[in-house]
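# quick check, what structure comes out for this input:
(chains A and B)
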Amino acid sequence: MSKGRIIVIDDEDIVLISCQRALAPEGYDVRIVKSGMDGLKMLESEAFDLVLTDLKMPDIDGIEVLRIVKGKWPSVEVIIITGYQTVETAVKAMKLGAFDYIEKPFTPEQILSVVKNAIAHRASE
Amino acid sequence: MKTKVKKTLYSLTGKLILTIGAMMIVGSITFWYFLIYYQERELLKNSVKYSLSFVDYVKKSTRYGMLTFQQLLIQQTVEAIGSAEGIMRVRIFDSKGKVAYSSKKEEIGTILGKNDPLCRSCHSESVKPRDMQSWSIRRDPEGYRILNIVQPIYNEPACYTSYCHVHPKEQRVLGLVESDVSLSLLDKAMKRQKIAITAFVFGFICLISVVLCTILWNLVSTPVSILTQGMERVAAGELDYTVRIDTRDEMGELARAFNAMTADLSKAKKELIEWGNTLEKKVEEKTEAIRKAHEQLIHSEKLASLGRMAAGVAHEINSPLTGIVTFGHLLLKKFPEGSQEREDIEVIIEQANRCSSIIKGLLGFARATSAEKSSANINDILNSSLNMVRHKADFFNIKIVLNLDESLPSIRADASQIQQVFLNMIINAADAMDGKGTLTLSTRKVVENGNPFAEIEFNDTGHGVSEENIPKLFEPFFTTKPVGKGTGLGLAVSHGIIQDHGGKIFVKSTLGEGTSFFVRLPFYEEKA
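A predicted model of the protein is given here:
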């Protein structure tokens, strides 16, 4: 039984793989997609507990993904992955309903901790 | 020589001398002419008068002889009178024109026709015979004048009642007394006098000319040449030259006016030179200011493009760093504590983290241009910055002194950016003192170029910055800290932030004594 179903959206392969390698061994069911569009499609077909999304992406950005997810599935938690320069945007994301944000580069421990909190938060509601 | 003479002739003195000289000569000649003319006329008039008296005298002397018809007596009398000095001839004519008596006996009996030059004056055909006394002048072979006097002898009762009854009563003129009087003495005297007067006039002209030349030379030519020389020297740039003419006349006045003009000119030139010098200085100052502004602009451009590049690089590098850090940590778990492999992996992770902090610095640098400004209190920002660090171990042995101007008005600034700058300054100061010393923070009001600024001074007692390093302090990636400790971006970022706020940041440092960083931020008037 998985601890939670997580979808990671980022245009960078290394970030996707890093997340998968950090979270999967800890018992999470991790799916990875390379664009916002693909992510939303997967969200339509499968149920997820948590969305991890990068802010800057080629087709639709993280803020848009957040807005759609929170619009369609309000109980699904969203965590923003950000570069340092977009802290302001991350703050804006928090206001739009994101659970938390995590700055690149992050350690496995950091991402685990944030994810754990988010899942716990979802479970409590 | 020829040109000199020509020049003198055309000069003012030359013209004056020529004009006055010519007038003198004309005047003298006129004077000379009239003097001679009148004298001659007067003398002739007197000669005629005396000659007439003389002829009258002849008439009277011979009257008795005539009345008594004593021809011999008459002839003797005429001869006697005719022998007098200056009397060339005395003749008595009868009414037929025959010489009846003459001082020259041989002429007696000759008859002069009416065409004789002597008779023509009275007996010309066109003129009615004049029975009056007359005179004429002719010249002797030597050129001296001879005065010819003719006086008629009129009939009178004694003549026609005389016993000899020579003349009828009806005859009005009985004859003529005629005499030639030599004017040679007079002419000689006149000649001498003419020579004397001419000599005098000539001498006078010469004397006057010399005097005139001398006077004009002294009054006009010399002062004019002194003035000309003065003008030439002044024109050649000798502005302190003065001409010396002390006379009270117009020349003196001209000289004084000229000296005054030269003095004014000299003063004006001095002012002009002074002005030129200050102008040069001003141009230098402006050039320096422009050069600085240009440098500043280049520096800003450099920082801006570096910022853009940093943002791009940071975004690209953060993702691979995530991979390195994540996989580093995953690998770490596979090796036991204390193993060489584990240590190596830790180094990898540590260096990746270092990369990350450099990237953060770069991004901070890139972010410095997008400030959100609002009213902010400098002292509050400084205090909060200080509170963030003072509990850190690095500050345990640092004495912090605050000299804050509480009356400092608010400024318009992005408080978080300004805090970033202040933190940077405080941490740099602590690093410079190696965690031991005094950090003095002061705030005050200053005025620069007429504009008010809030000045914040960060003074440390650290090792100071060498003079050659001061200009490099604000260059990106310049650091004196040990490798791994500083990124060299803190001051560059701070510089960018302060500049974006319209302020400035500068350093004063003495090696071994400490460093003062000054941040100046402008006061903006609060808009209502």
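
# helices or strands up against the longest helix along chain A?
Secondary structure assigned by DSSP state H gives helix A:108-124 as the longest helix of chain A. Helix A:108-124 sits against strand A:4-9, helix A:13-23, strand A:50-54, strand A:77-82, strand A:100-103, helix B:250-332, with contacts defined as 3 or more Cβ pairs under 8 Å, 6 or more residues apart in numbering or on different chains; DSSP states H and E. C-beta: built from backbone N, CA, C; applies to glycine.

# save the ones you listed as JSON lines, and put in mean pLDDT and mean neighbour count too.
Below are those laid out as JSON lines (pLDDT from 0 to 100; neighbours: other Cβ atoms under 10 Å in any protein chain shown):
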{"stretch": "strand A:4-9", "mean pLDDT": "95", "mean neighbour count": "23"}
{"stretch": "helix A:13-23", "mean pLDDT": "92", "mean neighbour count": "21"}
{"stretch": "strand A:50-54", "mean pLDDT": "94", "mean neighbour count": "26"}
{"stretch": "strand A:77-82", "mean pLDDT": "90", "mean neighbour count": "25"}
{"stretch": "strand A:100-103", "mean pLDDT": "88", "mean neighbour count": "18"}
{"stretch": "helix B:250-332", "mean pLDDT": "85", "mean neighbour count": "14"}
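
# figure out which of these is closest to B:Phe31.
If you check each of the helices and strands packed on helix A:108-124 against B:Phe31 by Cβ to Cβ, helix B:250-332 wins as the nearest, at 31.7 Å.

# quick revisit: wait, which of the helices and strands packed on helix A:108-124 is closest to B:Asp94?
helix B:250-332 (81.5 Å).

# quick one: the helices in the stretch 401-528 of chain B?
Shown for the stretch 401-528 of chain B, the helices assigned by DSSP state H, counting those that start in this stretch span residues B:415-432, B:490-500.

# summarise which helices and strands the longest one is packed against.
By that I understand helix B:415-432. Contacts defined by 3+ Cβ pairs under 8 Å, 6+ apart place helix B:415-432 against strand B:374-376, helix B:378-389, strand B:437-448, strand B:451-460, helix B:490-500, strand B:514-522.

# next one, pLDDT for residue 83 please.
Went with chain A since none was named. If you check A:Gly83, the pLDDT there is 74.

# you answered for a different chain; I wanted chain B.
We note a pLDDT of 88 for B:Ser83 in this prediction.

# contacting residues around it?
Remark: with contacts taken as Cβ atoms under 8 Å, 6 or more residues apart in numbering or on different chains, B:Ser83 is in contact with B:Ser103.

# excluding its backbone neighbours, what's nearest the residue nearest the centre of chain A?
In chain A, the centroid-proximal residue (Cα atoms, centre = their mean) is A:Leu52; its distance is 0.8 Å. If you skip the residues right next to it in sequence, A:Leu52 has A:Val8 as its closest partner in space, 4.5 Å away by Cβ to Cβ, 6 or more residues apart in numbering or on different chains.

# surely the one you found and A:Gln20 touch.
Yes: counting by Cβ atoms under 8 Å, A:Val8 touches A:Gln20, with 7.0 Å between them.

# and for the two, which residues touch both?
A:30, A:32.

# show me which residues of the stretch 301-450 of chain B sit near chain A.
Counting by Cβ under 8 Å from any Cβ of the partner chain, the positions of the stretch 301-450 of chain B adjacent to chain A are B:311, B:314-315, B:318-327, B:329-330, B:349, B:352-353, B:356, B:359-360, B:363-364, B:366-367.

# can you rerun that using 10 Å?
For the stretch 301-450 of chain B, the residues found near chain A under the criterion Cβ under 10 Å from any Cβ of the partner chain are B:310-311, B:314-330, B:332-333, B:349, B:352-353, B:355-356, B:359-364, B:366-367, B:370, B:372.

# repeat for chain B
Taking Cβ under 10 Å from any Cβ as the contact definition, chain B meets chain A at B:310-311, B:314-330, B:332-333, B:349, B:352-353, B:355-356, B:359-364, B:366-367, B:370, B:372.

# what angle do the longest helix of chain A and strand A:4-9 make?
When axes from the mean of the first three to the mean of the last three Cα atoms, to 10 degrees is applied, the directions of helix A:108-124 and strand A:4-9 differ by 120 degrees.

# ok now helix A:108-124, how far from the chain's centre?
Computed by Cα atoms, centre = their mean, to the nearest Å, the chain-centroid distance of helix A:108-124 equals 11 Å.

# try stretch A:105-115
12 Å.

# which parts of it are buried?
Within stretch A:105-115, the residues that count as buried by 16 or more other Cβ atoms under 10 Å in any protein chain shown are A:105-108, A:110-112, A:114-115.

# now do stretch B:227-238
Applying a neighbour-count criterion of 16+ other Cβ under 10 Å, the buried positions in stretch B:227-238 are B:227, B:230, B:233-234.

# ok, stretch B:388-408 next?
Residues B:389, B:395, B:398, B:404, B:408 are the ones in stretch B:388-408 that count as buried (16+ other Cβ under 10 Å).

# need the contact partners of it.
When contacts are taken as Cβ atoms under 10 Å, 6 or more residues apart in numbering or on different chains, the neighbours of stretch B:388-408 outside the stretch itself are B:377-380, B:382-383, B:386, B:419, B:422-423, B:426-427, B:429-431, B:433-445, B:454-457, B:459-461, B:523.

# among the buried residues of stretch B:227-238, which one sits closest to A:Met42?
The nearest member of these to A:Met42, counting by Cβ to Cβ, is B:Val234 at 101.4 Å.

# wait, the closest one sits on B:Phe258?
Yes: here B:Val234 lies in contact with B:Phe258, judged by Cβ atoms under 10 Å, at a distance of 8.3 Å.

# so what sits against both of these two?
Between them, B:Val234 and B:Phe258 share these contacting residues under Cβ under 10 Å, 6+ apart: B:242-243.

# centroid-nearest residue for chain B?
For chain B, B:Leu265 is the residue whose C-alpha lies nearest the centre (Cα atoms, centre = their mean; 6.8 Å).

# tell me the contacts of the nearest residue to it once chain neighbours are set aside?
When the adjacent residues along the chain are set aside, B:Leu265 lies closest to B:Leu239, with 5.8 Å between them (Cβ to Cβ, 6+ apart). Under the criterion of Cβ under 10 Å, 6+ apart, the contact partners of B:Leu239 comprise B:233, B:262-270.

# how about the secondary structure of B:Leu239?
Here B:Leu239 is recorded as coil under DSSP: H, G, I helix; E, B strand; the rest coil.

# lowest-pLDDT helix or strand in chain A?
Of the helices and strands making up chain A, the lowest-confidence element is helix A:87-95, at a mean of 76, by mean pLDDT, DSSP states H and E.

# need the contact list for the closest residue to chain A within the stretch 101-250 of chain B.
Across the stretch 101-250 of chain B, the shortest distance to chain A (Cβ to the nearest Cβ) belongs to B:Gly237, at 70.0 Å. Contact analysis of B:Gly237 by Cβ under 10 Å, 6+ apart lists B:Lys269.
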